[in-house]
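Trainee: show me the folded form of this:
(4 chains)
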Number of protein chains: 2
Amino acid sequence: MAHGGGPGNAGADRGADRGADPEAVHAWARLVRVSGALVSAVEADLKAAGMPPLGWYDVLLELERAGDAGLRPVELQARLLVAQYNLSRLIDRMEAAGLVARAADPDDRRGQRLRITAEGLRRREAAWPVYRAAIGRHVAARLGPGEARTLAGLLGKLAG
Amino acid sequence: MAHGGGPGNAGADRGADRGADPEAVHAWARLVRVSGALVSAVEADLKAAGMPPLGWYDVLLELERAGDAGLRPVELQARLLVAQYNLSRLIDRMEAAGLVARAADPDDRRGQRLRITAEGLRRREAAWPVYRAAIGRHVAARLGPGEARTLAGLLGKLAG
DNA sequence: TGAAACTTGATGCATATGCATCTATATCAC
DNA sequence: GTGATATAGATGCATATGCATCAAGTTTCA
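Mentor: Model (predicted):
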């Protein structure tokens, strides 16, 4: 479970809330709390079904989309917004599990190309119905398509 | 940085997206990615200013609000949505840092009452301007008050 | 060309998280 | 009351994360 909780309206000067209006503070508090709870819930659903965690899924999906060319770790890093050292070890684990393969990059001898293995493909495909159902339960059941679209739009602005 | 990335439209049967409509899936993907990125960014801002991490802030704020009576760990756990074993050790660290105090609960000898210390109070107060500025930079600068309110509302529905 | 600066990815070490389980106390059913 | 069950909180162990730094390769530019 994520840390949640609300930022402070207990701050001394409520009247002069410099730096963030109260609506933004409230939205922030909810964002942290709700996203943490939902991620935990979905993660638990995946685990309960014997599926790999979300982070693994994301890697598998990106590599699947990248196709035969594979991806450089540094590209994957940028897409998934994970820290470099973190990705390095995530790939270690996934490689050990046989889901991805590292190969030398012919164009840059510092680098690698990562590719999904057949087994990795199978695992991602097996995970998707479970993942989709979890999203259905935790998101789609609570938000209509219009609301979901609005939410995505607002989050997009936040990502700026 | 959090794991981000999108769930699969690479799934086999795109036409029959049982369990979650595409809008929900998209909103979910954005939620995970954006909230992760923002939490990382805010956390980095706090750290850069020498302030305690978000999780600590949340604990301090709840305890400050609870006042003299303090809070039971189990209550804090429910409010912050953290796992029990996790909170137990978070409190260990914060106690070691002198920001919170554990005391035996007079009404339940299994339990404790947690209270914020004077130093904890000072730390939380010192952190708030930094935290507020971070929220301002990362949220308020990108969302007007009306949008922030809409976002909070949608997230509230998601929390259901 | 060749030295300085930068990029890519790995890794040792400290810290944090998750899981299972444990102890102690409280509550419930009888 | 007493035994069964539930709840509060801690903890050993495995795994994951963050930080700093490193080695190897690439780019830049005098």
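Trainee: and the helices in chain A?
Mentor: Ranges of helices within chain A are A:22-48, A:54-66, A:73-80, A:84-96, A:118-135, A:145-159, based on DSSP state H.
Trainee: among these, which is nearest B:Leu63?
Mentor: Comparison of these against B:Leu63 by CB to CB identifies helix A:22-48 as nearest, at 16.7 Å. For every residue, glycine as well, the C-beta is placed using N, CA and C.
Trainee: flag every buried residue along the closest one.
Mentor: A:23-39, A:42-43, A:45-46 (16 or more other CB atoms under 10 Å in any protein chain shown).
Trainee: again, but for stretch A:120-140
Mentor: Result for stretch A:120-140 [16+ other CB under 10 Å]: buried residues A:120, A:123-124, A:127-136, A:138-140.
Trainee: looking at those, which is nearest B:Arg115?
Mentor: Nearest member of the buried residues of stretch A:120-140 to B:Arg115, counting by CB to CB, is A:His138, at 35.3 Å.
Trainee: ok, that closest one to B:Lys47 distance?
Mentor: Counting by CB to CB, to the nearest Å, the separation of A:His138 from B:Lys47 is 31 Å.
Trainee: repeat for A:Gly19
Mentor: 18 Å.
Trainee: with A:Gly70 instead?
Mentor: When A:Gly70 is compared with B:Lys47 (using CB to CB), they lie 34 Å apart.
Trainee: what's the answer for A:Val100, then?
Mentor: 31 Å.
Trainee: so how many other residues sit close to A:Asp108?
Mentor: By other CB atoms under 10 Å in any protein chain shown, the residues close to A:Asp108 number 11.
Trainee: OK, contacts around it?
Mentor: Counting by CB atoms under 8 Å, 6 or more residues apart in numbering or on different chains, A:Asp108 touches A:Arg72.
Trainee: redo the helices of chain A as JSON lines? Include distance to B:Leu151 and mean pLDDT.
Mentor: Listed next are these as JSON lines, based on distance: least, CB to CB, whole Å; pLDDT from 0 to 100:
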{"stretch": "helix A:22-48", "distance to B:Leu151": "5", "mean pLDDT": "96"}
{"stretch": "helix A:54-66", "distance to B:Leu151": "22", "mean pLDDT": "98"}
{"stretch": "helix A:73-80", "distance to B:Leu151": "24", "mean pLDDT": "97"}
{"stretch": "helix A:84-96", "distance to B:Leu151": "28", "mean pLDDT": "98"}
{"stretch": "helix A:118-135", "distance to B:Leu151": "19", "mean pLDDT": "97"}
{"stretch": "helix A:145-159", "distance to B:Leu151": "5", "mean pLDDT": "97"}
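Trainee: mind putting those helices into CSV with distance to A:Arg109?
Mentor: Compiled in CSV, the helices of chain A are given as follows (distance: least, CB to CB, whole Å):
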stretch, distance to A:Arg109
helix A:22-48, 37
helix A:54-66, 20
helix A:73-80, 14
helix A:84-96, 17
helix A:118-135, 25
helix A:145-159, 34
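Trainee: got JSON lines for those helices, with distance to DNA strand C too?
Mentor: As requested, these are exported to JSON lines (distance: least, CB to the nearest atom of the strand, whole Å):
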{"stretch": "helix A:22-48", "distance to DNA strand C": "6"}
{"stretch": "helix A:54-66", "distance to DNA strand C": "11"}
{"stretch": "helix A:73-80", "distance to DNA strand C": "3"}
{"stretch": "helix A:84-96", "distance to DNA strand C": "3"}
{"stretch": "helix A:118-135", "distance to DNA strand C": "15"}
{"stretch": "helix A:145-159", "distance to DNA strand C": "22"}
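Trainee: could you check how far A:Ala37 is from DNA strand D?
Mentor: Distance of A:Ala37 to DNA strand D, computed by CB to the nearest atom of the strand, to the nearest Å: 17 Å.
Trainee: isn't that residue right up against B:Gly160?
Mentor: No. Look at A:Ala37 against B:Gly160 with CB atoms under 8 Å: they stay out of range, at 10.0 Å.
Trainee: separation between whichever residue of chain A sits closest to DNA strand D and chain B?
Mentor: Going by CB to the nearest atom of the strand, DNA strand D is nearest to A:Arg109 of chain A, at 3.4 Å. According to CB to the nearest CB, to the nearest Å, A:Arg109 and chain B sit 27 Å apart.
Trainee: neighbours of that residue, how many?
Mentor: A:Arg109 - counted by other CB under 10 Å - has 8 other residues nearby.
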